[in-house]
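1. Sequence plus predicted model, see below.
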Amino acid sequence: MQRAGVTSQFEIRIEDKTYVGADGSKLTAISEFVLDVAPESMTVLMGPSGCGKTTLLRIVAGLDGRYRGDVGLPPDTRIGLMFQEPRLLPWRTVRQNIELVAAPDFSAKDLEHLAQAVGIADMLPRYPQELSLGLARRVALARAFATKPDLLLLDEPFVSLDERTADRLRRLLLDVWQARPTTAILVTHNAREAILLADQLVLLAPRPTRVVAVETIAVPRAERDPKTIDAIHADLLARYPGNFSSR
Amino acid sequence: MSLSLAPTETEQGSRLLSGPLISILSVAGFLLVWYIAAEIAQSRMLPGPVAVLQYIYNESVHGDLLTELGITLWRVVASFVVAMVIGSVLGLAMGQHPGLNRVLDPWLIVLLNLPALVIIILAYVWFGLNEAAAIGAVALNKIPNVIVTLREGARSLDPGLDEMARAYRLSYWSKLRNVTLPQLQPYFAAASRSGLSLIWKIVLVVELLGRPNGVGFELHLNFQLFNVTAILGYTLAFVAVMLAIEYLLVQPIERHATRWRNKPV
């Protein structure tokens, strides 16, 4: 399934990303950012809101080329990207939205399986405007997986959902992802979400964005129940009060 | 948004009023007023609806009315297609490239304010009294309106969907078909709606000034004969054609293109 070059480790190196404001003033968003991403693992970038996480992800996705540095991805890397908003095409049905970006070898049967797995099988002939935000997110998740991505990027995919819906979607993400492990980078400001999902947890400091610490979470995901997550959270809070104190 | 509650009697009443019945009543009322006015006037200058309909029938069966309508309709369609294609391409380009917009904007404003008559006269003087000059002149009158509308459309394209298309590496044509054009649909609808009505009015002027056939030519001829029945007959016949296009072509297409909008669960 995976193609050569993509399964290997790759390095994100951003020396400098500067915005020029409307008044001509310069704002350094990211500087001297270096991160190794392990293959077929879930890397979670965690930092407070507005710390340049989305900027970072956009650079990795190739949506923003105005920076100094290098993202060591092979040029034919297939990317699945889940934005903060679902960003579905409202004039296409759910099925058409997924099929539009799907990998060439993604069959109708694959679609049925995927739709079943994320619980949108009944929604395929509908238009996105008929869906709730939770359902639209599921569609966006399915779309990201339908590309059979080499690299999966998730930008706060569960933000502004109620906690129960968000939690169900997190489990769902893990189910689909574990069925076909892909190198994945997820961005969040939610500590519990980060601890639940991460293999590698990258703590960020804002403005300019830099890496505070990289923590490996060794507990197998199956054993990460609320109690274990609380324990890990308490431990991290003690060591990085700046990143884990709830504000 | 409509709630799916059982309709009450008053709601059913107001639905009748908002349905086709009220439109039909409105037209019937107009015909009645016309009929009464013509009966009172008893003048050649104001024939009644019956006389006009009689004229339309006779000219369709024994005369050239259908041919003339066809010729004018052909000119309307040709000018419309030319104007929409050129106007859309230019409008999109100007909306997406500010540099090009700065270059072309003064000419756009000039063209917007140039009277239709000037363009028509110059086209006939420079290119001769031929079909291409006629259609070109009409299209040139409509193109700036299309540009202005589609330029607004291009400026309002959703950058979020654009990013989505780039992240998923959609091809140029796939992006155009699936992401860009559907967003512009309301702007196309607005441009073509106002376009058809503007174009058919200008086509008549073009025909009056320099064509040997068409509704405009017939109107000119009958104006010289002071034949008001014929003038009203031709006008009504072509208005009927335009109504048919609106209700049988434009609106069904629009309904199809916007079928995804506002469907309650």
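-> Structure's in. What do you need?
2. Okay, and the beta partners of A:R13?
-> For A:R13, the beta-bridge assignment (DSSP bridges) gives partners A:V34, A:D70.
3. wouldn't B:V76 be in contact with B:V203 here?
-> Yes - between B:V76 and B:V203 there is a contact at 5.3 Å, judged by CB atoms under 8 Å. All C-beta atoms are positioned from the backbone trio N, CA, C, and that covers glycine.
4. Neighbour count: the two, which is higher?
-> Per other CB atoms under 10 Å in any protein chain shown, whichever of B:V76 and B:V203 has more neighbours is B:V203, with 30 against 26.
5. Does that one belong to a helix, a strand or coil?
-> Here B:V203 is helix, with the state taken from DSSP: H, G, I helix; E, B strand; the rest coil.
6. Surely it and B:W74 touch.
-> No - B:V203 sits out of contact with B:W74 when judged by CB under 8 Å, with a separation of 9.7 Å.
7. For the helix or strand of chain A with the lowest mean pLDDT, list every residue counted as buried.
-> The helix or strand of chain A with the poorest confidence is helix A:241-244; it has a mean of 74 (mean pLDDT, DSSP states H and E). Using 16 or more other CB atoms under 10 Å in any protein chain shown as the burial criterion, the residues of helix A:241-244 that qualify are A:243-244.
8. Next: stretch B:76-94.
-> Quick answer for stretch B:76-94 (16+ other CB under 10 Å): B:76-80, B:82-84, B:86-88, B:90-94.
9. and the stretch 101-250 of chain B, which of its residues are near chain A?
-> For the stretch 101-250 of chain B, the contact set with chain A under CB under 8 Å from any CB of the partner chain comprises B:160-161, B:163-164, B:166-170, B:174, B:178-179, B:182, B:185.
10. Okay, and which of the buried residues of stretch B:76-94 map to strands?
-> Using DSSP state E, no member of the buried residues of stretch B:76-94 falls within strands.
11. Can you verify A:L153 is assigned to a strand?
-> Yes - counting by three-state DSSP, A:L153 is located in a strand.
12. Let me know whether it touches A:I185 as I believe.
-> Yes - with contacts counted by CB under 8 Å, A:L153 reaches A:I185, the gap being 5.4 Å.
13. hmm, back to that, same list, the residues of the stretch 101-250 of chain B next to chain A, but as JSON lines with secondary structure, neighbour count and distance to B:S60 please.
-> Formatted as JSON lines, these follow (DSSP: H, G, I helix; E, B strand; the rest coil; neighbours: other CB atoms under 10 Å in any protein chain shown; distance: CB to CB, whole Å):
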{"residue": "B:G160", "secondary structure": "helix", "neighbour count": "13", "distance to B:S60": "54"}
{"residue": "B:L161", "secondary structure": "helix", "neighbour count": "19", "distance to B:S60": "50"}
{"residue": "B:E163", "secondary structure": "helix", "neighbour count": "17", "distance to B:S60": "57"}
{"residue": "B:M164", "secondary structure": "helix", "neighbour count": "26", "distance to B:S60": "54"}
{"residue": "B:R166", "secondary structure": "helix", "neighbour count": "15", "distance to B:S60": "56"}
{"residue": "B:A167", "secondary structure": "helix", "neighbour count": "23", "distance to B:S60": "59"}
{"residue": "B:Y168", "secondary structure": "coil", "neighbour count": "22", "distance to B:S60": "56"}
{"residue": "B:R169", "secondary structure": "coil", "neighbour count": "15", "distance to B:S60": "57"}
{"residue": "B:L170", "secondary structure": "coil", "neighbour count": "18", "distance to B:S60": "51"}
{"residue": "B:S174", "secondary structure": "helix", "neighbour count": "14", "distance to B:S60": "48"}
{"residue": "B:N178", "secondary structure": "helix", "neighbour count": "19", "distance to B:S60": "45"}
{"residue": "B:V179", "secondary structure": "helix", "neighbour count": "21", "distance to B:S60": "47"}
{"residue": "B:P182", "secondary structure": "helix", "neighbour count": "18", "distance to B:S60": "41"}
{"residue": "B:Q185", "secondary structure": "helix", "neighbour count": "15", "distance to B:S60": "37"}
